[in-house]
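Participant: Build me a model:
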Amino acid sequence: MDRHITVPLTDETAAELCAGDYVFLTGTIYTARDAAHKRMYEAMEAGEELPVEMKNNVIYYMGPSPARTGRAIGSAGPTTASRMDKYAPALLDRGLKGMIGKGKRAQEVKEAIVRNGAVYFAAVGGAGALLSRAIVASEVIAYDDLGTEAVRKLTVQDFPVIVVMDARGNNLYETAIRQYCRE
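Facilitator: Below is the predicted model:
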């Protein structure tokens, strides 16, 4: 089912999404990759504030290329999500409602998604130039010294993603394999 939703996500919207739904996100999302996740995790461990309020927000695992003239951002394809798996449960427990990446997640992340009523979306790898067209504004808000791995605030309009794991723990990577093997 195609869904057009506004981000940040509400608990109700996250609960309604189902693995396999095609979703177009409009609103504000944030980027963070490995180095930024490590810093945020260290900040949490030290009792410090995070640069982004996690409650109901969505983090896109992405490091963009430089923007061309007249564009908000360069190529903006997803990074492999499993690299953030050791940090994701703590962020989900702080209220993170959605993550966008590519690839499978660890069992601990799956459990944290269900425990917190969150969602894991996939963006199409290799389509970074096309995905960047749905990003209308980009601003570095933390860890500027990390370059492309800095935390960015993105304004998106109809950003295309697929629900891979829904708040009930349904996992498209697992159900699609079973469906394929039956046919």
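Participant: residue ranges for the helices of the protein, please.
Facilitator: For the chain, the helices defined by DSSP state H cover 11-16, 34-45, 88-93, 107-116, 128-132, 172-182.
Participant: Is it possible to get a markdown table of those helices that adds mean neighbour count, distance to Val23 and mean pLDDT?
Facilitator: C-beta coordinates here come from the backbone N, C-alpha and C atoms, glycine included. Formatted as a markdown table, these follow (neighbours: other C-beta atoms under 10 Å; distance: least, C-beta to C-beta, whole Å; pLDDT from 0 to 100):
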| stretch | mean neighbour count | distance to Val23 | mean pLDDT |
| --- | --- | --- | --- |
| helix 11-16 | 15 | 10 | 97 |
| helix 34-45 | 18 | 23 | 96 |
| helix 88-93 | 21 | 18 | 97 |
| helix 107-116 | 17 | 15 | 98 |
| helix 128-132 | 19 | 13 | 87 |
| helix 172-182 | 11 | 12 | 68 |
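Participant: Any chance of these in a markdown table with distance to Tyr22 as columns?
Facilitator: Formatted as a markdown table, those follow (distance: least, C-beta to C-beta, whole Å):
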| stretch | distance to Tyr22 |
| --- | --- |
| helix 11-16 | 14 |
| helix 34-45 | 27 |
| helix 88-93 | 23 |
| helix 107-116 | 19 |
| helix 128-132 | 14 |
| helix 172-182 | 11 |
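Participant: Ok, which of these comes nearest Phe24?
Facilitator: Counting by C-beta to C-beta, Phe24 lies closest to helix 128-132 out of the helices of the chain; the figure is 11.8 Å.
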